[in-house]
Every structure is written in structure tokens, then in C-alpha cells.
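J.: Sharing a model that was predicted from the sequence below.
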Amino acid sequence: MGLILIKNTQIVNEGKIVEGDVLIDGEFIADIDISISSKSASTKIIDAEGKFLIPGVIDDQVHFREPGLTHKATNETESKAAVAGGITSYIEMPNTVPQATTQVLLEEKFKNAAKTSYANFSFMFGGTNDNLEELLKTDPKNVAGIKLFLGSSTGNMLVDNEEVLEKIFSSTKMLIAVHCEDEATIKDNLETYLKEFGEDIPIEMHPKIRSEEACYLSSSKAIELAKKTGARLHVFHLSTEKETKLFTNKIPLEKKQITSEVCIHHLWFNEEDYKTKGTFIKWNPAVKTEKDKEGLWKALLDDRIDVIATDHAPHTLEEKKQVYTKAPSGGPLVQHALPAMLKAHRQGKISIEKIVEKMCHNPAKIFQINKRGFIKKGYYADLVLVDIASPWTVKKDNILYKCGWSPFEGTTFYSKITHTFVNGNLIYNNGTFNDTIKGKRLEFNRSNE
């Protein structure tokens, strides 16, 4: 790979922005200083004056649809979109076909990704009502965590047996990540609207069906169970202001046993957007009120919410254009997540340092990912150069997702990812990809005990 020297950049790391140079040697960051001189004629020099250098984004929740749902997406297509968006590592969910609910099926997913993924990867093991014995075989050093669906979503892996849930929570030391929506509440709400509208329920009813109450009931129950059992719990995609009150900022992240995440769409859209976006912004949990959105922003900025992720979950246009009851929930986001947050920075909502904390540092800390998420000597050179004064508009011809659409279509962003390095390799360079080198399996700094 040789030496790569990034010069004259604004390095964003651990709450500071410092002008300087970064030297990459092979897979790793070899040096960081105010000024580094090239000691070899073969060193590749990148002048990054006026650009910000940030650690590669770690997306802790994606659905790349492989295996079994590859008409929607593949590891190859979505990881390519991810690196174009500054995401260098991702954690993929188990609700594929077949579901990753045995160790053999889980390892198959790792083998497939190693052949085609542009970015680094890990996968979650899927818990069900009847696979506890298999779940407990999961190796904490090389698997991101356990995923439990406490509300049904795409692929329906609902875990609704309370005795089983308590056994899972009390039996594993691994991080348990949960999708929290109360199934009984959702079913009752859906029944009410089916009686009124039939199958073609107006999309505006989605946040009333998958309601605040459904989210809060489930989140509060999961947190109560985690406190009772001592489980390490991570609550995915908060969507309500009410839920944010369940989390604390009184202790450092490293000491939290219960952490939380918010996704781009819940920070960006509100229920008014259903009028123009329709089922393209149908997610589980639902996009809700402006008050909820502002409450999520507040909790993110005051550190009750720890991580920003995407829950990237593509479906085809044909699937999304169906009537409410048939249109699946989820949408593609990895290419546009960082540009969206940088637009929020331009609007004065969040600092670049805070974006890096929530999208790079904190996922690495929460999942105990080895040597990633920071710009430090000896760490993997997962790095992203950003030009924050380079406007562009999301259009069909620059969308890289296999599904070919984006809820951000027509949106103008003001920051452009120009270079993405994965393990020291320049994988994305101003629209050009290096498809000869693949990402690596993430490793975790955890014991097997």
C-alpha cells in the first residue's frame, strides 16, 4: 500500500479541530503532527487544505439485505454507497433470508461480506423465542452483538415471550440491541384504522398506529429488564421525546449499561412530511411530531442519546408504492447520512465535533471496536475528507443504492465527501471507486468470559 500523507487538513478528533498532517503507513495511522515531511519519493501526497479530516463513520444499524433479499440491495451495492457517504464500517442486522439465528448462518454472512464489501463489517446474531442455546455460543470478540425485535418489523423476528426475554437478558454478557415497539398496542391501533379505511390507510396514520405509547411501553420495559438483570442494553432508533427521559447523561458513556441511538430520519423529518414523501418515509418506528423531533435533538445534544445511525433499509420503488398495509417500512440512507448531519451543522444545530462524537467515537466505544472510530497513531486509517463548502443536489443519477431512490431526492447538501480511506486504502476518490480491495471484519475488545 505504501505511504500516504494527508497535508494541511483540519483534523476533527475528540472534541477538537486542529490543523495538521496525517501519515498513513499501510493499514494504519503512522503519525499525526502540525507538519510532516515526506521521507520517501514514493509517498502519495494529498493536499487537503480547506477540508476537514474526520474518522470514518461507524454505522451501528444497517439492513443490507444479503442473503435472500438481494433484489433490494447487496453488501456490495450498499457498502459502495456507504463509503461514498463517509461510512467506513457498518453493523448489519439479522433479519435476512435466512435469518442469522444460528452460528453457521451468521458465519455465512461474514464470508459473503469478505468477498464484496467496500467497507468494514460486522453482523448481529438474531435472538428468537427459541434459540437461546445457539445465542449463547456467540463469540463476543468477533460478533457485534445480539439483536432482538421487541416489535415486529421486516422479516418478523418478534421476541414476545417474556420468560425467554428475561433468560436472554440474564444469560449473556454481550451487548443486546433492541427494536422497541409494543406489538399489542400496534395491533389494536391497526385494527381501528383498518375498520375505518380498509387496506388503503392514509400514510399520515402511520405514527398513530406505531404510536408514542407503543414505543414508550416497549422501551421502558426493556430498560426495566436490563436494570433487573444487569444486561448491557442498547436501544435502537428512538423516535419520541417521551422515550428520551428514560436515559441519563449523568455518567460517562464508558460506564453506561444502557445506551441509545437516534437515526437520521427521526432528526430530519416530521409528520408533516408524509404529505409530500408518502410511504418513502414510512419507517418502523414511525417518523412522528415536530415536538418529538426537537426532543430527540435536545437529548442528542445533551448526551442522553449516544449515537447517530441510519437504520438503512432499502426496498424497491415498486414495493414502496403499494398501499399502506403492503408498503414495507424502511428506506436507504447510508450515502446521505453524513451530508445531512453536516447540513444540520451549517444550520447551527450541531457542531462538527459533536457529529464526529456521535457517528464515529461513540459507536466505537459502545461496541468496543478495536482500533477504529478515532484519528490516533496505531489505529486503522479509516478516514474521510470533507469539503464543507461544495453544494450538490441528490438526483436519480447520483444515487448509488441498488433500489435507485432516496427520501432526500431533490435535497441540496452543502458538504461533499471527497476521499474515503478504509484500512489505509483510498477506496473513494471524488466519485471514483477502488473495487480491488475489500473491507475487514471488525474485531472487538472484549473477553470471552
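T.: Yep, that arrived. Numbering: from 1, shown residues only.
J.: Helices along the stretch 301-449 of the chain, start to end?
T.: 317-320, 337-346, 352-356, 362-366 (DSSP state H, counting those that start in this stretch).
J.: Give me the longest helix you can find in the chain.
T.: helix 212-229 (DSSP state H).
J.: could you give the mean pLDDT of it?
T.: Mean pLDDT, computed over helix 212-229, is 97.
J.: likewise stretch 122-131?
T.: Mean predicted lDDT for stretch 122-131 stands at 95.
J.: Who are the contact partners of the residue nearest to residue 234 when sequence neighbours are not counted?
T.: Spatial nearest neighbour of residue 234, excluding adjacent residues (Cβ to Cβ, 6 or more residues apart in numbering): residue 177 at 4.5 Å. (Each C-beta comes from the backbone N, C-alpha and C, glycine too.) Counting by Cβ atoms under 8 Å, 6 or more residues apart in numbering, residue 177 makes contact with 60-61, 124, 145-148, 233-236.
J.: can you do 10 Å?
T.: Counting by Cβ atoms under 10 Å, 6 or more residues apart in numbering, residue 177 touches 60-61, 91, 93, 124, 127, 144-148, 232-236, 259, 261, 366-367.
J.: same question, residue 191
T.: residue 209.
J.: which stretch of helix or strand covers it?
T.: Residue 191 is part of helix 183-197 when elements are defined by DSSP states H and E.
J.: chain center to that helix, what's the gap?
T.: 30 Å (Cα atoms, centre = their mean, to the nearest Å).
J.: And it, what's buried?
T.: 183, 185-186, 189-190, 193 (16 or more other Cβ atoms under 10 Å).
J.: List of residues touching the next helix or strand after it?
T.: Using DSSP H and E, the next helix or strand after helix 183-197 towards the C-terminus is helix 206-209. Contact with helix 206-209 is made by 185-194, 201-202, 214-215, 239-240, 270-271, 274, 279, 281-289, 292, 324, 327, 329, as judged by Cβ under 10 Å, 6+ apart.
J.: pretty sure residue 178 is in a strand, no?
T.: Yes. Counting by DSSP: H, G, I helix; E, B strand; the rest coil, residue 178 is part of a strand.
J.: Tell me who's in contact with it.
T.: Residue 178 touches 127, 146-151, 159, 165, 169, 218-219, 221-223, 225-226, 233-237, counting by Cβ under 10 Å, 6+ apart.
J.: which residues touch residue 115?
T.: Contacts of residue 115 by Cβ under 10 Å, 6+ apart are 75-76, 438.
J.: SS state for residue 54?
T.: Classified using three-state DSSP, residue 54 is strand.
J.: buried sites along stretch 370-389?
T.: Those would be 370-375, 379-388, for stretch 370-389 by 16+ other Cβ under 10 Å.
J.: Stretch 225-233 too?
T.: Buried-residue list, stretch 225-233, by 16+ other Cβ under 10 Å: 225-226, 229, 231-233.
J.: Run through who's touching it.
T.: Counting by Cβ under 10 Å, 6+ apart, 145-146, 148, 150, 162, 165-178, 219, 222-223, 234-235, 256-260, 366 sit against stretch 225-233.
J.: beta partners of residue 21?
T.: residue 33 (DSSP bridges).
J.: Next up, the contacts around it.
T.: 5-9, 11, 31-38, 45-46, 48, 53.
J.: Tell me how far it lies from residue 419.
T.: According to Cβ to Cβ, to the nearest Å, residue 21 and residue 419 sit 15 Å apart.
J.: thinking residue 37 is in contact with residue 3, fair?
T.: No. The criterion here is Cβ atoms under 10 Å, and residue 37 misses it with residue 3 at 11.7 Å.
J.: Show me which of those two is the more surrounded one.
T.: Taking other Cβ atoms under 10 Å, residue 37 and residue 3 do not tie; residue 3 has more neighbours (18 against 10).
J.: For the residue nearest to residue 53 when sequence neighbours are not counted, give me its contacts.
T.: Distances taken as Cβ to Cβ, 6+ apart put residue 9 closest to residue 53, at 4.2 Å, once the chain neighbours are dropped. Contacts for residue 9 (Cβ under 10 Å, 6+ apart) come out as 18-22, 46-54, 383, 385-386.
J.: pLDDT score for residue 150?
T.: Residue 150 is given a pLDDT of 84.
J.: ditto for residue 155
T.: Taking residue 155 on its own, its pLDDT is 53.
J.: Quick one: low-confidence residue ranges for this protein.
T.: Low-confidence segments of the chain (pLDDT under 70): 1, 151-156, 448-449.
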